[in-house]
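Participant: Make a model of this:
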Amino acid sequence: MARTAWRAAQWILGLAVVGFAVRALVRNWAEFRSQPLAFAPRPLYLVASALLVWAMYALLVWAWLAVLRSWGQRLGPGTAARIWTVSSLGKYVPGKVWAIAGMALMAQQAGVAAWAATASAVVLQALAIGTGAAIVGLTGAVGLESAHPGARAALGLLVLASAAGIGLILWPPAVRRLLRLARVPAEAAGAPSPAAVLGGILANAVAWVGYGAALWLLARGLLPDVKLELWTAVAVFTASYLAGFLALLAPGGLGVREGLFILMLQQPIGIGAATALAVASRLLLTLTEFGAAAPFLLLTRRSPRVAL
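Facilitator: The predicted model follows:
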């Protein structure tokens, strides 16, 4: 019953975000059609944007390895990169759990204990959500306060709540409860080491900022006349990505992420530029995610089969 209610709530929230975005587009249709979009692709900015996203992937792979090592598990960097990038494609299947399940299964096949493979994926997802909420609270305060008076207080509460949630990852009873909810066996009795958790916090915080900077570079590379501030880009990317991620039934957060993206950017840069940038950001992330996994998928296909 509780699971059904949770899924219904996700559908309602996801559809609400999309509905608000569509309503904003309809209301501002005249502005959307009249706003000139001076596309002027600048390859260096676009390449830099993609390279920055890939660098953030590498940082998150390192954080995952650190959590595994804190539980006495070992994986080579190349194997870890293959598992992380290929399993991440599971987010495009409705439910989102396929990414975690794929990571756990592939890590187990590479010699990692089943409980550690699943537990590490769950812990890193929790840290990603917690640090992302904190980043939204910190970077979105200035921009949202000017558009929505009183938003600063709400964002301050968001930062405090995310800090409390992240702190719980350092407390073994809370970690056991979290892993029990994820159906991880009792072997994972303790939290990962404080050093691994702190490394995960730092890596995820840097990654959110890096993704936002990649969005800023993307805007500079496609719409040089659009004045998008760096910290606005960080706040918008992080908030919209988290919204899409938490909408578990939307493959890759499709629709939900773009909806919130447009809602947050329509005032600073105009609804036309916001819509164009939302589509471009989706294309960039899809290309970088599949581009990162493609070499490993090709190598797997070309590897010789062992006769049984």
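Participant: which helix is the longest one in this structure?
Facilitator: Ranked by residue count under DSSP state H, the longest helix found in the chain is helix 271-302.
Participant: List the buried residues for that helix?
Facilitator: Buried residues in helix 271-302, counted by 16 or more other C-beta atoms under 10 Å: 271-278, 280-282, 284-285, 288-289, 292-293, 296. From N, CA and C alone the C-beta is placed, and that goes for glycine too.
Participant: before we move on, what about stretch 104-117?
Facilitator: Within stretch 104-117, the residues that count as buried by 16+ other C-beta under 10 Å are Ala104, Met106, Ala107, Gln108, Ala110, Val112, Ala113, Trp115, Ala116, Ala117.
Participant: avg pLDDT for it?
Facilitator: Mean pLDDT, stretch 104-117: 82.
Participant: First residue to last residue on it, what's the distance there?
Facilitator: The first residue of stretch 104-117 is 5 Å away from its last residue (C-alpha to C-alpha, to the nearest Å).
Participant: which residues of this structure score low on pLDDT?
Facilitator: Judged by pLDDT under 70, the chain has its weakly predicted residues at 1-39, 93-98, 140-190, 247-254, 300-308.
Participant: correct me, but Ala48 touches Leu215?
Facilitator: No - using C-beta atoms under 8 Å, Ala48 is not in contact with Leu215, being 11.9 Å away.
Participant: The two: who's more crowded?
Facilitator: Comparing Ala48 with Leu215 by other C-beta atoms under 10 Å, the one with more neighbours is Leu215, at 30 against 17.
Participant: what separates that one from Leu284, distance-wise?
Facilitator: Separation of Leu215 from Leu284 (C-beta to C-beta, to the nearest Å): 8 Å.
Participant: Give the residues shared as contacts by those two.
Facilitator: Ser49 (C-beta atoms under 8 Å, 6 or more residues apart in numbering).
Participant: List the buried residues of the host helix or strand of Val53.
Facilitator: Taking DSSP states H and E as the criterion, Val53 maps to helix 43-70. Judged by neighbour count (16+ other C-beta under 10 Å), helix 43-70 contains these buried residues: 45-46, 48-50, 52-53, 56-57, 59-70.
Participant: just stretch 75-90 next, same as before
Facilitator: Buried, per 16+ other C-beta under 10 Å, within stretch 75-90: 75, 79-90.
Participant: One more: stretch 198-218?
Facilitator: 199-201, 203-218.
Participant: Please flag which of the residues you listed sit within helices.
Facilitator: Per DSSP H, the subset of those in helices is 199-201, 203-218.
Participant: Wait, Val209 touches Val136, no?
Facilitator: No - in this structure Val209 lies outside contact range of Val136 using C-beta under 8 Å: 11.5 Å.
Participant: quick one: which of the buried residues of stretch 104-117 is nearest Ala243?
Facilitator: The nearest member of the buried residues of stretch 104-117 to Ala243, counting by C-beta to C-beta, is Ala104 at 25.1 Å.
Participant: gap between that closest one and Ser120?
Facilitator: Ala104 sits 8 Å away from Ser120, going by C-beta to C-beta.
Participant: go on, Leu242?
Facilitator: Leu242 sits at a distance of 20 Å from Ser120 (criterion: C-beta to C-beta).
Participant: what does Val236 give?
Facilitator: Separation of Val236 from Ser120 (C-beta to C-beta): 29 Å.
Participant: Check Ala40 too.
Facilitator: 44 Å.
Participant: Over to Leu285?
Facilitator: Taken as C-beta to C-beta, the span from Leu285 to Ser120 is 23 Å.
Participant: Give me the neighbour count for Ala101.
Facilitator: 17.
Participant: Many thanks, have a good one.
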